[in-house]
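Enquirer: Quick check, what structure comes out for this input:
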Amino acid sequence: MSVLRGANAYAAVGLESGILAASPYQRIVMLFDSYQAAIRTARLHMQVGDMAGKGKAITSAIKIVSRGLRGSLDMERGGEVAANLDQLYDTVVRLLLRANLHNDEEVLDVAASLIENIGSAWRQIGPRVEGEDGDVASAGG
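Expert: Numbering: from 1, shown residues only. As a prediction, this is how the structure comes out:
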């Protein structure tokens, strides 16, 4: 096993352990952070003309939104907030698809900004809500 492969395996185990040990609030924060990292990566690939890398990074961002953030919504308990977030996440996915198709950094920036606004709000309210019932992901993640 190469040193690089060993380091990657170690990092993957560390990330998985971190996710398993994280609270529901922390897992959502990790999704927001991972999303922004994927957007930054997509932007860099777009700027240097690496279309395969750009596509892979945008696909990663789409999965984070559609499977992670959107998948964490509890439409019954989250009510109108969850419904609004669901619509916003749908809009973000559409923007990401358009940015990928047209190599449009401005659209990518809009998609990044929309999620960052939600992420900022989540970071501000999360610690207060987390102590209440321990399951903030159901509130609308």
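
Enquirer: Disregarding residues adjacent in the polypeptide, which is nearest to the most centrally placed residue in the chain?
Expert: A centroid search over the chain (Cα atoms, centre = their mean) returns residue 35, at 3.4 Å, as the residue closest to the centre. Taking Cβ to Cβ, 6 or more residues apart in numbering as the measure, residue 35 lies nearest to residue 64, with 4.5 Å between them; neighbours along the chain are not counted. (Glycine included, C-beta is placed from N, CA and C.)

Enquirer: and the next element down the chain from the helix or strand bottoming out on mean pLDDT in the chain?
Expert: Between all helices and strands in the chain, the lowest mean by mean pLDDT, DSSP states H and E belongs to helix 3-21, at a mean of 49. Using DSSP states H and E, the next helix or strand after helix 3-21 towards the C-terminus is helix 24-48.

Enquirer: and that following helix, which residues are buried?
Expert: Going by neighbour count (16 or more other Cβ atoms under 10 Å), the buried part of helix 24-48 is 24-32, 34-36, 38-39, 41-43, 45-46.

Enquirer: Now it: average pLDDT?
Expert: In this model, helix 24-48 has a mean pLDDT of 93.

Enquirer: same for it, what does it pack against?
Expert: Of the remaining helices and strands, those touching helix 24-48 by 3 or more Cβ pairs under 8 Å, 6 or more residues apart in numbering; DSSP states H and E are helix 3-21, helix 51-63, helix 105-133.

Enquirer: just how off-centre is that helix within its chain?
Expert: The offset between the C-alpha centroid of helix 24-48 and the centroid of the whole chain comes to 6 Å, using Cα atoms, centre = their mean, to the nearest Å.

Enquirer: same deal with stretch 85-104?
Expert: Its chain's C-alpha centre lies 13 Å from the corresponding centre of stretch 85-104 when counted by Cα atoms, centre = their mean.

Enquirer: and if you look at stretch 42-50?
Expert: With Cα atoms, centre = their mean, you get 19 Å for stretch 42-50.

Enquirer: List the contacts of it.
Expert: When contacts are defined by Cβ atoms under 8 Å, 6 or more residues apart in numbering, stretch 42-50 is touched by residues 51-54, 56-58, 61, 99-100, 103, 105, 108.
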